[in-house]
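Trainee: pasting a predicted model and its sequence here:
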Amino acid sequence: MFRQTHAVVRHPDGQEYHWSARVNRKGRHRLEHKHDSQKPRYQRTFLHRVSRIFTAIEYWNISWWVAIIFTIGSIVWCINGVYAFVPFVNSGMAENQDAVSWTSWLGATIFEIGGILAFVEAWTVDDDAYFGWHLFHHKQDEEEGSPPADDLNRSDSSQQEKAKKSPEKRRKSRDLGLWAAAVQMVAATIFWMAGWTSLPVIFNSIKEKSGLLAGVYWTPQIAGIGFMISGLLFMLEVQKKWYKPELANPGWHVGFWNVIGGLGFFLCAAFGYSERSWRKYQSSLSTFWGSWAFLISSIAQWYEAVNPVQPKGV
């Protein structure tokens with residue numbers, strides 16, 4: 001049903017180039033010039049890669065914007081979780097429904113923007129069989145004074161021609177990453193509806209009408225299950241085998257923590273239908289830990305966006 005998410009391109013000289021759909025979509029195979037005073041980005045230590053979250057401002061990179069927006073949205077949801085849950089366990093903090101309402105609307109709105117951008121990112125991705133690894137070796141050949149291989153140039157032209165001839169719509173319809181982004185965008189859009197009904201002027205007018213409250217406020221929040229589905233699809237896209245987690249891949253953690261966050265938001269709605277105090281407690285608690293899960297996912301996505309993967313065979 002879906003096209004492959006991993007491939008190995010074998011060069012005539014015996015070297016292998018590993019291709020990944022998510023790495024390609026995130027643009028993580030970018031060429032870096034190697035200088036004596038500065039190592040290529042993919043050769044830096046883990047701490048250097050982490051520091052790039054704060055030092056790399058890649059405003060031209062849509063993947064960077066997706067990560068930034070989801071991170072901001074997740075922070076807003078964490079604040080929402082504090083206002084919603086802490087009054088249950090700390091009598092010193094008074095309940096503030098207006099704060100819960102406004103942060104709910106703002107968080108849902110930011111998630112909607114992030115969901116749309118993530119879909120655009122997946123829709124506009126290019127499929128190049130020869131990418132950063134080839135460019136890296138090509139650049140090395142130039143620096144060493146070696147002429148580019150004719151066979152490699154012919155192979156490039158052949159691959160480009162094949163890509164142009166392939167039906168674009170059919171290709172995209174079988175892209176697992178695109179489906180994951182689409183499900184995420186739909187879930188964010190439905191969830192956004194709950195964000196609007198949480199605004200004080202609307203919420204205060206429906207909170208005493210249990211049927212209406214359940215229908216227009218809690219039910220759209222069931223869309224949290226959509227975040228779970230999209231997270232699972234993102235995980236499968238990264239995994240080389242459907243049953244084998246890729247724990248060392250930041251893209252896998254983006255999907256995994258999205259699943260946990262979606263579960264938290266889903267349980268928030270599931271418990272929210274009831275007026276029993278213990279269910280209200282669980283509803284607020286689910287929002288609290290679900291928000292933190294989304295924040296972990298967003299930071300992992302941010303780390304992923306600013307750090308290219310290391311070429312294999314270099």
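Mentor: Done, it's in.
Trainee: any weak-confidence spans in the stretch 1-150 of the chain?
Mentor: 2-4, 6-7, 14-17, 29-44, 126-150 (pLDDT under 70).
Trainee: mind redoing it with 80?
Mentor: 1-21, 24, 27-44, 125-150 (pLDDT under 80).
Trainee: what ranges do the strands span in it?
Mentor: With DSSP state E, counting those that start in this stretch, the ranges of strands along the stretch 1-150 of the chain come out as 6-10, 16-20.
Trainee: what sits against A99?
Mentor: N80, Y83 (Cβ atoms under 8 Å, 6 or more residues apart in numbering). (Glycine included, C-beta is placed from N, CA and C.)
Trainee: now with 6 Å?
Mentor: Y83 (Cβ atoms under 6 Å, 6 or more residues apart in numbering).
Trainee: low-confidence regions, the stretch 151-300 of the chain specifically.
Mentor: Across the stretch 151-300 of the chain, the ranges flagged by pLDDT under 80 are 151-174.
Trainee: can you show me the helices along it?
Mentor: 168-173, 176-197, 200-206, 210-213, 224-238, 250-272, 277-306 (DSSP state H, counting those that start in this stretch).
Trainee: closest to L117 out of those helices?
Mentor: helix 176-197 (9.1 Å; Cβ to Cβ).
Trainee: from G107, how far off is V238?
Mentor: According to Cβ to Cβ, to the nearest Å, V238 and G107 sit 26 Å apart.
Trainee: which one's more surrounded, these two?
Mentor: G107 (27 against 24; other Cβ atoms under 10 Å).
Trainee: quick one: neighbours of the nearest residue to A180 once chain neighbours are set aside, just the number.
Mentor: In space, and not counting its chain neighbours, A180 is closest to L233: 3.5 Å by Cβ to Cβ, 6 or more residues apart in numbering. Using other Cβ under 10 Å, L233 is surrounded by 22 other residues.
Trainee: wait, doesn't L233 sit right on L178?
Mentor: No: L233 lies out of contact with L178 (Cβ atoms under 6 Å); the separation is 9.7 Å.
Trainee: which residues do these two both contact?
Mentor: Here L233 and L178 have no joint contacts, going by Cβ under 6 Å, 6+ apart.
Trainee: list phi and psi for the residue lying closest to Q239 once chain neighbours are set aside.
Mentor: Once flanking residues are discounted, Q239 sits nearest to E246: 5.3 Å by Cβ to Cβ, 6+ apart. In terms of degrees, to the nearest 10, the main-chain angles of E246 are phi -110, psi 80.
Trainee: list the contacts for E246?
Mentor: Taking Cβ under 6 Å, 6+ apart as the test, what E246 contacts is V238, Q239, W252.
Trainee: how far out from the middle of the chain is stretch 53-72?
Mentor: 11 Å (Cα atoms, centre = their mean, to the nearest Å).
Trainee: show me what counts as buried in stretch 81-95.
Mentor: For stretch 81-95, burial by neighbour count (16 or more other Cβ atoms under 10 Å) applies to G81, V82, Y83, A84, F85, P87, F88.
Trainee: chain center to that stretch: distance?
Mentor: Its chain's C-alpha centre and that of stretch 81-95 lie 30 Å apart, by Cα atoms, centre = their mean.
Trainee: quick one: end-to-end length of that stretch, please.
Mentor: Stretch 81-95 has an end-to-end distance of 12 Å (Cα to Cα, to the nearest Å).
Trainee: what would the helices of the stretch 151-300 of the chain look like in JSON lines with distance to A67?
Mentor: Compiled in JSON lines, the helices of the stretch 151-300 of the chain are given as follows (distance: least, Cβ to Cβ, whole Å):
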{"stretch": "helix 168-173", "distance to A67": "22"}
{"stretch": "helix 176-197", "distance to A67": "14"}
{"stretch": "helix 200-206", "distance to A67": "31"}
{"stretch": "helix 210-213", "distance to A67": "34"}
{"stretch": "helix 224-238", "distance to A67": "13"}
{"stretch": "helix 250-272", "distance to A67": "9"}
{"stretch": "helix 277-306", "distance to A67": "4"}
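Trainee: tell me which of these lies nearest to S20.
Mentor: helix 224-238 (7.5 Å).
Trainee: buried residues of the closest one, list them for me.
Mentor: Those would be 224-238, for helix 224-238 by 16+ other Cβ under 10 Å.
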